[in-house]
Structure formats: C-alpha cells, structure tokens
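Student: Okay, structure incoming, though there's no sequence with it:
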C-alpha cells in the first residue's frame, strides 16, 4: 500500500484539474493521503483551457461510481502557457457537486489588474480558496506564497496547534497587552503548517508599498505587452510561429521552416544553443505535443529590446541549424 | 467527519510520542490525515523523559485492538525542558513493532557535540528520520529546518513531482551539462513539498564554514554551561528553585518563598514584570504542573553577566511581589 500514490484506505475520492494544471496538485494529493492516482486530469480545449463538458462528465461518472468529488482546481494562468480556465463555469460545477473550488493563480492572478483581460477572471468570486505566489509576478524572493481562504475557520480546524505551555505560558492576556511580549495577537500559527516562520508578509507589504497598485498594474500590462509583441514579431516572420497565443505574459513559440522534417528536434537543439550562447534564458515546454520556446516575462528589468533580441536570436540560430537539418522524407 | 481531528476512514492507526513532545506531532498527524486524536501521548518519568514501559504497554494494547502502530516520535531535547528521551530503548520498541522511528532534535540535536552529554544521544543510529532546526541552536534565521532520512527513496515516493514539460523541457541531459542551465542535478524538488525554494542550505553552509565544527561545539558547551550556572545560582539562593535540572541549555526555575501560598500566581506576575521591565526575556512554561520561568540559552551574544542578571532580577521582583502576596491559609 502506497498512500502517496493510491491514497489511504476508505471511501474513494476524486480531485479534478486539467491536463495543463501544475503538478503540485498531484503532489498535494500525495501528501494529504488523497493519492496522486485520484487526481482526474480533465482535457483542455484548443486554447489549453479546461473543457467544462469533460469536467461535468468526469464528475457525473465518478458520482455514479460512488466516488466522492472533494475538490476542483482551476488555473488562473497555467504555468505552461498562461491559459485561464473558465472559472465561473468550473466553479459552478464544483458547487453543484459540493466540492471545494480552488483557483491556482500562483503565476497568473496578478493578471487581473490588466483591464484588457480582467473579464477572463470572472468567477473568481466563487473560489473557496485561491493562491498567488508573490515570488513570481510580484518579484518577491522565492519561497513566498499566499493562500486566501473564504472561511478562515477551516484553516484553524486543519492546522490548529494545540496549546503548548512554553508558548501560552509566555504570553499574557492580549486584551491587556502593553507590549508585543504580552499577547500573541491573531494566532496565525494556527492557520498554517509553520510555527516559527520568517516575516514573509513584510516583503510583500514593502513591495506593494513601494510600487503601489497602479505600479503593479503598469508592470503587469507591460509584461503582457511583451508577450504580445513577441507574438506579433513571430506572425511577421516566415521562420517563427506562435504555438499558444498569449493570454498573460507567456508566449510559446518556435522556429519553423517548411523543408525541415523534425521541428521538435531542431527547436530542442536551438533552445540549448540559445541558453548556452546568448543572454536570453527562456524556458521550454510542450504545447499540443510540439516543443515550444516559452519566455515568461516577469522580470522588472526586461525591455522591449530584450524581446526583439530573443526573436532575432531564435531566427539566427534556427537559420544556422536548418542548413544542417535533415529534409522531409 | 473531520480528517484533521479523527483521521481519514480506513484502518485504525496510532502514532506515539510523549506528553512533553512538541505539538507539531499532532499538527502533522492532522495534515497527513492520520488525525490528532490518533496521537498517543505517553507518560514521562520524573525527568520529563518518555516512560519506556508505558510506551511498550500502549503499543501492545493498540496492536491487540487491531490498531496499526505507524510511527514513534522521540525527542532529543524537548522544547519544554530540553529532556532527551531514552532513544535506544524507544527506537528498539518501534523497530519491534515495525513502526517508523523519528527523532525530533529540532532544538536539541546539536547538543550531541557536548561530550559531557553525548551519551544521552545513544540510539540516534536507529532513527529512520531525524530533524534539526538550524534556526534554533545554529542561529540561522527562522524558517530553516533540516530533515534527515535514512532511505532517500521514501522521500521520492512521497513527494515526487511528476514531469512538467516546462521544467523537463528546459533542461538537457545532465550527463552532458556545460552549464547549470543544462541539467537539473539531484532532483531535490522531488524530495520535499516545495518546488521553488530559497537557497536555505547556503545559510547553514556559511554558518558552519564560518564557525566550524569546533566553534559550534564551543558555543553549545557554553550555552549548556549557562543553564548549569543558573541552576547553581538557584541552588545557592533561598528564594529560587530549579524545576527541571538542565540537560541542554534550558533551565526551568522559579521564585519560591515558604510563606507564599500560590507560587504559580506569584511567578506568573513576576514573569510579566520581568519581560516588561527588564532586558531579560525568557519564555515561561509549566513543569510538573508548576509555572516555570524558562530561559533557553541559544543567543551567541549572551554572556554570563546576563545569566546572573536574570537570576538577580527574578529574586528582586519576587521579593517585591512577596510583600503583597497572600499568605497560606
């Protein structure tokens, strides 16, 4: 028996997310005793968004088989392409089934500040919980994540640290507090896994204080513009193609040439040369089965020259490799 | 049904630790679906160490009742008093029952460097896992903990992050790595809950590099000496008493006076004045049902003058409060 893989014994349960969702969903299921195998991966549409009909059908079938749907995880900005699942439709299905509705906005949630795509976040209000990682688009140091929960009491139920004399004994009546040594204040330690924790919130507070809401909005819009600029460059070029139209600040694209047979192999070689030889360090991924170069613009220092430089470098290296690539059979 | 409180449905399971153990054991049981209620709290002897006979009997009874013992957690330095459970005896009982043997050395594990008490850690070699928090006695910033596991593959089984195209696609063959962008190296991300994580290890490495093993040993010995010095001061004073003889660098003591009826109330008032009015900021706890002042010496800047200052301040404030304390009935 392997609880991480198959879950603990007992009633069969299901968690639902899309094939494009981050694999932390499976990891969480493993750690919580739900089991990786009990995560149902729902198909996506041709824009990498969760297919609502497929979700509805998967849950219907599970319920008919006496499997209890416990949670649905939608992405507000997938890691792969930045796609945003149809939050309202997914949330309504989750509610109908009595399942927890979680929105993974680790990367993408700040995108809601860009008025041009704000409507894609419609339905966020249905979420029982939502996560955002300030270490991504808010440029905080890694290791800073924030989870918002509609009903704080469930955190207490899950995490409460029972009384410890060395803690409780060291503090007095918070109502009569004369100093920070007299009271514990809001028992945040009862709302999460950690007891001793660094003051991560101060980092986020200082960023928001320095940059401001409008400042963050301007950065988000600019980053989204970079992805759109790159997509435009690709459309104007015979040797580049967009594999996933930008929703947020990710633009998945690749080098292309009619006479090259194995574009995946060529782009994989191109990508290695790119990160080894140039100042441009995007990541790579797979979109609809195709190897893709995946810049995700979240660096406050990126300029449009860098975006153009990346496009130029990909075309240059691609042209060099194409000369040696095997022709179609 | 509340999995955090009672565990998930299925076979009944038990986790064993002492009444003096840190309550993170219960919290972990809650998060993992074991359930807080399935943590058996084993009685301690008169030195706050787990009672081995009581442990043996609790496990025997559970097994007879078809409860599966899955883990035993021993403390190598309890948070409350610094007591060290009899690790070898506890570990052998865990092994006999096929249960995981975890040693919580969050605070106390570095104490093994003090040759005068090294033998108290005998049996550590039986541990399946052990934890130490460098943010405690190694003086790293809070939020840095290290867990050692005998068999690394169990971490992979529990935490493995399934393949993500955007990660795997971005790295090449580590065997042919020319730069850190070519290979992921050892997949530490598969050995814990976090994916993006700060380089906490660098902090610990730099501390060890700067201070060295002998430097840490000297600090640990000095801190242990502080606790012993305070206990000696208490023994020499008519108005102080030691409630738990120091094992490591904690000395639980209190103010005492024959004619005072409620010493708990007096010491609680004394403690509040201490932290509000003086530079001495110990914590407080309960030892054998008695309110105790609990200095834990882990600050690299503490000097023996500070230890004497604490003892003097407790005596001074205690004398002042005693004048107004109710006499025994």
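Tutor: Perfect, I can see it now. Predicted, not measured: the structure shown is a model, and the values here were computed from it. Numbers count the residues shown, from 1 in each chain, chains lettered A, B, ... in the order given.

Student: And chain B, is stretch A:56-69 touching that?
Tutor: No: shown here: stretch A:56-69 not in contact with chain B (CB under 8 Å from any CB of the partner chain), separated by at least 10.7 Å. Every C-beta, even on glycine, is put in place using the N, C-alpha and C of the backbone.

Student: Now tell me what touches that stretch from outside.
Tutor: By CB atoms under 8 Å, 6 or more residues apart in numbering or on different chains, the residues outside stretch A:56-69 that reach it are A:11-16, A:40, A:42, A:72, A:93-94, A:97-99.

Student: in it, what's buried?
Tutor: Using 16 or more other CB atoms under 10 Å in any protein chain shown as the test for burial, stretch A:56-69 gives A:56, A:58, A:59, A:62, A:67, A:69.

Student: What is the nearest of these to chain B?
Tutor: Nearest to chain B, judged by CB to the nearest CB, of the buried residues of stretch A:56-69 is residue A:67 at 13.9 Å.

Student: re the thing from before, could the buried residues of stretch A:56-69 go into a markdown table alongside distance to residue A:252, pLDDT and secondary structure?
Tutor: Converted to a markdown table, the buried residues of stretch A:56-69 look like this (distance: CB to CB, whole Å; pLDDT from 0 to 100; DSSP: H, G, I helix; E, B strand; the rest coil):
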| residue | distance to residue A:252 | pLDDT | secondary structure |
| --- | --- | --- | --- |
| A:56 | 28 | 98 | helix |
| A:58 | 26 | 98 | helix |
| A:59 | 29 | 98 | helix |
| A:62 | 32 | 97 | helix |
| A:67 | 34 | 96 | coil |
| A:69 | 31 | 97 | strand |
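
Student: Tabulate the residues you listed (TSV), appending distance to residue A:225.
Tutor: Below are those laid out as TSV (distance: CB to CB, whole Å):
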residue	distance to residue A:225
A:56	36
A:58	37
A:59	38
A:62	42
A:67	44
A:69	39
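
Student: Most widely separated two among the residues you listed?
Tutor: A:56 and A:67 (14.7 Å; CB to CB).

Student: would you list every one of the strands in the stretch 151-300 of chain A?
Tutor: Counting by DSSP state E, counting those that start in this stretch, the stretch 151-300 of chain A has strands at residues A:240-244, A:252-255, A:283-287, A:290-294.

Student: Can you tell me which of those strands is most buried?
Tutor: Highest mean neighbour count among those (mean count of other CB atoms under 10 Å in any protein chain shown): strand A:252-255, with a mean of 28.

Student: Now for residue A:131: which residues touch it?
Tutor: Contact analysis of residue A:131 by CB under 8 Å, 6+ apart lists A:102, A:103, A:104, A:105, A:106, A:109, A:145, A:146, A:147, A:148.

Student: how close does residue A:2 get to residue B:184?
Tutor: Counting by CB to CB, to the nearest Å, the gap from residue A:2 to residue B:184 is 24 Å.

Student: between those two, which one's more packed in?
Tutor: For residue A:2 versus residue B:184, neighbours defined as other CB atoms under 10 Å in any protein chain shown are more numerous around residue B:184 (16 against 12).

Student: Phi, psi for that one please.
Tutor: Phi and psi for residue B:184, reported as degrees, to the nearest 10, are phi -90, psi -10.

Student: Would you agree it is in contact with residue B:167?
Tutor: Yes: with contact defined as CB atoms under 8 Å, residue B:184 reaches residue B:167; the gap is 7.4 Å.

Student: All set, thanks.
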